[in-house]
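Asks: A predicted structure for the sequence below; I have some questions about it.
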Amino acid sequence: MNLKKQILCLIVVSGCIHTCCLFASPQKTGFFFDLLWSGSWERGKNVINRIDLKLGVPGPGLIFRGQLVDRRPGPSSDSATPPLTVLGAGLYHTGTGSRILYGNIDEIGLAARLKNVWTRGPPLQMNHSLSAGDLATAPLGTKQPGLFLYLGSPRWGPVRVFSSVYVEHDLDQLYITGMDYYFSEKTWLKIEGLYTEQMLDARIPASWFSEQPWLPERTSRLYGGSINFNHTFWGISGDAAYSETFAFGTGWYGGVSFRLGNKPWRFQAGGDMIRGAFVDRGGKDPDEGIRIGAQFEAWEKAGSYFKINGSVQGPGSGEHLSKSKILVSYYFSVPKQVVVWPSRISFSVERNISDSSDPESTAKAGLGLYLGPVLATSGFSIHGNNDDNRKALPWVTDFTDFTEWTELSFSEELQYRIKAWTFRVKFAYLIEEKKTGKVGSYNFQVYSSIYGKWGRLSGTLNFDKFPDIWTYTVSWQLKHTFQFENNQKPCGKQRGMLVL
């Protein structure tokens with residue numbers, strides 16, 4: 001897409017958004033101006049700043065946004081990371097969600113789910129978010145500015161349609177279109193389709209005997225689709241994608257999930273699979289495999305919360321599993337008068353035998369207690385391996401995996417909070433297996449923060465070897481909203497940043 005076509009597309013979408021503003025419900029709020037300045041600085045490392053400005057216009061419900069994100073080495077820094085400054089701008093319509101964005105873009109929804117598939121968790125129905133995009137709030141050196149155009153219609157009876165195009169820095173386009181159909185206020189259906197074409201870099205093996213052959217620069221096309229059927233008490237969703245890549249082959253990805261319940265309990269389960277020479281949204285070719293996950297949650301009237309989730313993964317059906325993980329946690333209700341009372345308990349076991357020469361097992365446990373006004377949190381972790389155990393399921397794994405442990409850690413954290421002030425100290429001790437034997441090290445942290453209507457200010461002192469090796473980090477978030485009613489002077493009303 002050349003520059004003239006990009007400008008023409010921008011004009012067309014701008015006109016469409018303006019048309020949507022005319023038919024959408026008018027906004028009753030007055031003008032507002034949001035100012036946000038956030039950042040952090042770690043001693044000897046980078047200084048990161050973000051300035052975000054938003055101007056809200058009533059009537060059509062438009063929000064104009066400008067953003068600056070900057071990262072550069074701080075005073076006396078030895079960081080080799082080059083400075084990075086990213087400018088972003090956006091125009092939003094609050095009634096339909098339509099937007100025009102330029103800058104570093106965070107993709108949300110189907111495009112994100114098809115990027116780096118195995119690094120994400122199993123597909124669960126509640127994580128099946130709609131496709132959209134917004135300005136990234138962190139300085140990402142691996143991304144370049146792009147243009148994102150999203151157009152959503154008002155609701156016409158039971159139907160709402162939407163479409164988007166994302167033009168990346170290398171001029172590869174991502175197209176998504178779809179529709180919502182509302183059977184009732186509690187039951188609705190969402191259907192989406194995706195297409196993108198990208199140019200993959202040449203793949204050069206590290207040696208003559210590499211398992212991966214040399215491949216030239218080549219074109220890859222990705223077709224995807226998604227369906228999400230929701231009711232208050234149940235839901236079902238699925239993703240499917242097919243890729244064809246020159247000089248590499250074709251492959252596909254599929255995933256499905258369902259949900260039962262809402263509150264006071266909810267159960268979800270899902271699975272996904274990759275077959276063939278599939279190339280994902282990030283231009284990677286993940287290994288073939290199959291993965292299944294499930295999660296159960298329960299809420300009580302007193303405010304307590306229970307969750308158990310787990311997943312298993314393997315190279316394919318009929319073959320031995322290679323990865324598994326299970327996590328159990330329970331959060332107790334907060335008593336009105338605290339003397340000694342549990343806060344939370346958690347336990348997890350994870351096993352990875354994908355590398356047959358070095359199977360790994362990790363177990364973690366956590367406990368939180370209220371000791372008067374102080375919240376005490378303890379953590380324990382152990383990492384080991386057992387070459388004789390080739391089973392991936394955590395309930396098959398016995399604790400002989402940890403008789404020859406390679407890493408052991410313990411931590412204790414105390415937190416005291418009074419109104420807008422929080423003070424926290426943490427001590428951690430780690431023992432690692434190295435060539436010279438087991439070596440111990442400790443870490444001590446002191447954290448304090450204060451927040452209010454104006455924002456938040458916090459600082460951390462981190463000691464690796466007291467008093468010789470230490471560092472500090474300062475972070476801040478300052479915000480203010482100027483609210484105008486009926487074109488009058490600012491009324492001084494404070495509120496949080498508008499989530500778009």
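Replies: Yep, it's here.
Asks: Report the contact partners of Ser293.
Replies: Ser isn't right for residue 293; it's Gly. Gly121, Pro122, Pro123, Leu124, Ala269, Gly270, Gly271, Asn309, Gly310, Ser311, Val312 (CB atoms under 8 Å, 6 or more residues apart in numbering). Using the backbone N, CA and C atoms, a C-beta is placed for each residue, glycine as well.
Asks: what do you get if the cut-off is 6 Å, keeping everything else the same?
Replies: Gly293 makes contacts with Pro122, Gly270, Ser311, as judged by CB atoms under 6 Å, 6 or more residues apart in numbering.
Asks: Likewise for Arg221?
Replies: Taking CB under 6 Å, 6+ apart as the criterion, Arg221 is in contact with Glu197, Glu244.
Asks: if we can go back for a sec, okay, and which of the contacts of Gly293 map to strands?
Replies: Using DSSP state E, Gly270, Ser311 are the members of the contacts of Gly293 that sit in strands.
Asks: Confidence-wise, which helix or strand of this structure is lowest on average?
Replies: Ranked by mean pLDDT, DSSP states H and E, the weakest helix or strand in the chain is helix 3-23, scoring a mean of 50.
Asks: next SSE after it?
Replies: Tracing the chain C-terminally past helix 3-23 and defining elements by DSSP states H and E, one meets strand 32-42 next.
Asks: Outside of that next one itself, list whatever touches it.
Replies: For strand 32-42, with CB under 6 Å, 6+ apart as the criterion, the contacting residues are 47-52, 54-56, 74, 473-483, 497.
Asks: again, but for stretch 49-69
Replies: Residues from elsewhere that reach stretch 49-69 (CB under 6 Å, 6+ apart): 21, 26-27, 29-30, 32-34, 36-39, 70, 86-95, 135, 139.
Asks: how about the strands of the stretch 151-300 of the chain, start to end?
Replies: 159-167, 173-182, 187-200, 218-231, 234-245, 249-261, 265-276, 289-299 (DSSP state E, counting those that start in this stretch).
Asks: Can you lay out these as JSON lines showing distance to Phe410 and mean pLDDT?
Replies: Written out in JSON lines, the entries for those read as follows (distance: least, CB to CB, whole Å; pLDDT from 0 to 100):
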{"stretch": "strand 159-167", "distance to Phe410": "46", "mean pLDDT": "93"}
{"stretch": "strand 173-182", "distance to Phe410": "46", "mean pLDDT": "93"}
{"stretch": "strand 187-200", "distance to Phe410": "46", "mean pLDDT": "92"}
{"stretch": "strand 218-231", "distance to Phe410": "43", "mean pLDDT": "93"}
{"stretch": "strand 234-245", "distance to Phe410": "41", "mean pLDDT": "95"}
{"stretch": "strand 249-261", "distance to Phe410": "37", "mean pLDDT": "95"}
{"stretch": "strand 265-276", "distance to Phe410": "33", "mean pLDDT": "95"}
{"stretch": "strand 289-299", "distance to Phe410": "28", "mean pLDDT": "95"}
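Asks: Among the ones you listed, which comes closest to Leu321?
Replies: When the strands of the stretch 151-300 of the chain are ranked by proximity to Leu321, the top entry is strand 289-299, at 9.1 Å, counting by CB to CB.
Asks: contacting residues for the residue nearest to Leu124 when sequence neighbours are not counted?
Replies: Spatial nearest neighbour of Leu124, chain neighbours left out: Gln268 (4.6 Å); criterion: CB to CB, 6 or more residues apart in numbering. Taking CB under 6 Å, 6+ apart, we find Gln268 in contact with Leu124, Gln125, Arg259, Gln295.
Asks: partners of the helix or strand hosting Leu367 in the sheet?
Replies: Assignment of secondary structure by DSSP H and E places Leu367 within strand 360-371. Strand 360-371 has these partner strands in its sheet, going by DSSP bridges: strand 340-352 (antiparallel), strand 374-384 (antiparallel).
Asks: Distance to Asp285 and mean neighbour count for the ones you listed - can I get that in a markdown table?
Replies: Formatted as a markdown table, the entries for the strands paired with strand 360-371 read as follows, by distance: least, CB to CB, whole Å; neighbours: other CB atoms under 10 Å:
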| stretch | distance to Asp285 | mean neighbour count |
| --- | --- | --- |
| strand 340-352 | 21 | 17 |
| strand 374-384 | 30 | 17 |
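Asks: Make a markdown table out of these and add distance to Lys115 and mean pLDDT.
Replies: As requested, these are exported to a markdown table (distance: least, CB to CB, whole Å; pLDDT from 0 to 100):
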| stretch | distance to Lys115 | mean pLDDT |
| --- | --- | --- |
| strand 340-352 | 22 | 91 |
| strand 374-384 | 29 | 93 |
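Asks: pretty sure Leu189 is touching Phe229, no?
Replies: Yes. Under the criterion of CB atoms under 6 Å, Leu189 makes contact with Phe229 at 5.2 Å.
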